[in-house]
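A.B. asks: Could you work out the structure for the sequence below:
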Amino acid sequence: MSMIVKRPGLLSSFQDSGRWGYQHLGVSVTGAMDIQSHQMANLIAGNTEDCATLEITLLGPTLVFSKACCICLAGAQMNARVNGRPVPRYRPLIVRASDTLTFDTATEGTRAYLAVHGGFDLPSVMGSESTYLRAGFGGWQGRALQKDDEIALRAPLKDDKEALTALSERIWDQVLYLPSMLGQHTGRKSLVRLIRSDQWHEFTAASQAAMISGTWRISTDSERMGYRLQGPEIALASPREMISEATSFGSIQVPRGGQPIVLMADRQTSGGYPKIATVASVDLPILAQKKPGDEIRFTLVDVEHARELDRAKAQALDELSVSVASIRQWLLDDRASIH
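C.D. replies: Predicted coordinates:
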């Protein structure tokens, strides 16, 4: 009842929506970089939004399943195949025992998400199944996948050839509605919405203008903790000393060198650099799908507009959950028939 790793890929680790509530102890939230793709993969596979998925970065793994199960891929396009046959993204798919799932290098976006119906059998550490790579705990043994790892599945399907064929055809014929708010091609976007920080007005007028009018390149010194941006130099109007304060996903801090850093999923829990802005949470998936060398631009929105976008996204996820209710029930019925 497991998924066996034949090749681990560049960086494949399990992530959920994060380890919340321990930042005061210095424990990073972590979690999926592209939370929207993570949530969509889960819902389409018949899970709740929070079940841990496998986050696959740039170069995908080769995986063999020892039992039948239902999977869904979302996020970056990595030309996944099962036994050599192309696998569509954002569709549930039945895989059978001994099937091999392969991935190529990402051709659109950076991170793909693999969800398995019922979830991977991972321990919960401090309320989360996310891998905290820097600290070495959570997920699968606190690290990225390695060759010959064998991860158990919580809910494999009944090993009945005729029943699997019937279930597979039934699922394939089901029309799946993906709300337009949940874009399937986040990796193609480059315009990111920002909210001014409380310290915005402490930066020079030229820096404020450059932040919005400039084109920014993702530095090679970027990873799950933060993205360094290369572009115009950003400066305070007057030097100041700051007391460290809590950080959040998407905060843009500006160290003395003047090149901004966007804090990402594995961010430190506090920081003392001034912050010029914060990425609207609805656009964090756009950043998460960028890789070093990619370019982005920023535009400003106010807090209320950002909240409206969050509400619209939440509604779209609810609509997606409703549209896959039949698929979810068929999978639950199959699991119930095992017992």
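A.B. asks: Run through who's touching the longest helix along the chain.
C.D. replies: The longest helix of the chain (DSSP state H) is helix 303-323. With C-beta atoms under 8 Å, 6 or more residues apart in numbering as the test, helix 303-323 has contacts from 36, 39-40, 43-44, 49, 176-182, 193, 195, 280-282, 301. (Glycine included, C-beta is placed from N, CA and C.)
A.B. asks: Now, of these, which are buried?
C.D. replies: 36, 39-40, 43-44, 49, 178-179, 181-182, 193, 195, 280-282, 301 (16 or more other C-beta atoms under 10 Å).
A.B. asks: picking up where we left off before, what residues sit buried inside the helix or strand following the longest helix of the chain?
C.D. replies: Beyond helix 303-323 on the C-terminal side, the first helix or strand identified by DSSP states H and E is helix 325-338. Neighbour counts using 16+ other C-beta under 10 Å place 327-328, 330-331, 334-335 of helix 325-338 among the buried residues.
A.B. asks: Tell me which other helices or strands the helix or strand bottoming out on mean pLDDT in the chain touches.
C.D. replies: Lowest on mean pLDDT, DSSP states H and E among the helices and strands of the chain sits helix 325-338, with a mean of 81. Under the contact criterion of 3 or more C-beta pairs under 8 Å, 6 or more residues apart in numbering; DSSP states H and E, helix 325-338 touches helix 161-173.
A.B. asks: what angle sits between the helix it packs on and helix 325-338?
C.D. replies: Orientation note: helix 161-173 sits at an angle of 170 degrees relative to helix 325-338 (axes from the mean of the first three to the mean of the last three C-alpha atoms, to 10 degrees).
A.B. asks: Dump the least confident helix or strand of the chain to CSV, keeping only the CA atoms.
C.D. replies: The C-alpha coordinates for helix 325-338 follow below in CSV (Å, rounded to 0.1, in the frame of the first residue of the first chain):
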residue,chain,number,x,y,z
ALA,A,325,-18.7,16.0,-4.9
SER,A,326,-19.8,13.0,-7.1
ILE,A,327,-16.2,11.9,-7.7
ARG,A,328,-15.4,12.2,-4.0
GLN,A,329,-18.5,10.0,-3.1
TRP,A,330,-17.6,7.3,-5.7
LEU,A,331,-14.1,7.1,-4.2
LEU,A,332,-15.5,6.9,-0.6
ASP,A,333,-17.9,4.2,-1.8
ASP,A,334,-15.0,2.2,-3.2
ARG,A,335,-13.1,2.5,0.1
ALA,A,336,-16.1,1.4,2.1
SER,A,337,-16.5,-1.7,-0.1
ILE,A,338,-13.1,-2.9,1.0
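A.B. asks: tell me the angle that helix makes with helix 303-323.
C.D. replies: On the basis of the same axes, to 10 degrees, helix 325-338 is oriented at 50 degrees to helix 303-323.
A.B. asks: and the residue in the chain sticking out farthest from the centre, what pLDDT?
C.D. replies: Distance from the centre of the chain peaks at residue 238, with 37.6 Å (C-alpha atoms, centre = their mean). Looking at residue 238, its pLDDT is 90.
A.B. asks: Contact partners for it?
C.D. replies: residue 202.
A.B. asks: again with residue 36
C.D. replies: Under the criterion of C-beta under 8 Å, 6+ apart, the contact list for residue 36 reads 182, 186, 285, 313.
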